[in-house]
Every structure is written in C-alpha cells, then in structure tokens.
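J.: got a predicted structure plus its sequence, pasted below:
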Amino acid sequence: MKMIWAIIRPEYSQRVIMALDKGGIGGMTRIHVAGHGREMGITVGSVHYTEIPKEMLMIVVPDSEVAKTVMLIRAEAKTGSKNTSEEGTIGDGKIFVTYVEESFAIRTAGKASAGSKT
C-alpha cells in the first residue's frame with residue numbers, strides 16, 4: 001500500500017476529488033493547510049504573504065493504483081490548459097508518495113486494506 005499526499009490549490013480540490021471518485025479512487029482525508037514552497041510565498045503589491053492556503057488530500061491506495069491516482073491528481077490540479085503538456089504555474093502544488101506498512105480499522109479492530117470500508 002502507498003499513501004499519496006497531494007498538496008493542491010484550494011480552488012482545484014473539488015475537481016480533483018470528483019476525478020478521483022470517477023476513477024474509482026475513494027476514501028481520502030481532506031485537510032486545510034497553509035505553507036509555501038521554494039519561492040517563499042508571494043508578493044501582491046507591497047504585501048508579502050509567506051503562508052499560502054492549500055488543501056492536502058491523504059489517499060491510501062494499493063501499489064497498482066499509484067500511477068493512476070497521481071495522473072488524475074496532476075491532470076486536475078494543474079493550472080492552465082488541461083489538454084497540453086505545457087507546465088502549470090508556481091504554486092500548483094506537490095504530490096508525495098510514501099509506503100504504508102500497516103493500517104488498522106478502528107470500527108472492526110482489525111487490519112484494514114487500501115480502499116476498504118472502515
């Protein structure tokens with residue numbers, strides 16, 4: 001199993017969630033977060049914002065679903081034209097993939113698998 005952490009623009013989160021649902025990827029946690037990347041925030045006029053609002057999606061999937069999940073997130077979270085290979089813009093977000101050794105369902109007190117209903 002793998003955990004996918006997607007940090008995306010808040011205005012794209014619903015579109016990403018709908019695409020994942022359509023793609024059969026269910027079960028996720030959505031968290032409102034703030035932060036910045038290498039650019040250290042943004043400057044608008046004379047005001048510098050160091051913490052930019054983002055949404056973080058946490059999704060656990062079987063290893064076989066990682067590429068599909070990442071592709072769906074990238075396609076929907078990128079700014080600009082969705083049908084071209086052109087780059088998006090700074091601040092579109094980041095996707096991290098980590099291993100999940102085990103997971104446990106609280107309701108059933110048993111081991112859970114990726115995508116299982118708990």
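T.: That came in fine, so what should we check first? Numbering: from 1, shown residues only.
J.: counting contacts, what elements does the longest helix along the chain pack onto?
T.: Using DSSP state H to assign secondary structure, the helix with the most residues in the chain is helix 66-77. Helix 66-77 sits against strand 2-8, helix 13-22, strand 52-61, strand 93-99, with contacts defined as 3 or more CB pairs under 8 Å, 6 or more residues apart in numbering; DSSP states H and E. Quick note: C-beta positions are derived from backbone N, CA and C, even for glycine.
J.: ok, the first one: who's next to it in the sheet?
T.: Taking DSSP bridges as the criterion, strand 2-8 forms sheet pairs with strand 52-61 (antiparallel), strand 93-99 (antiparallel).
J.: pLDDT below threshold where in this protein?
T.: Scanning the chain with the threshold set as pLDDT under 70 gives 81-86, 110-118.
J.: give me that answer again for 50
T.: 117-118 (pLDDT under 50).
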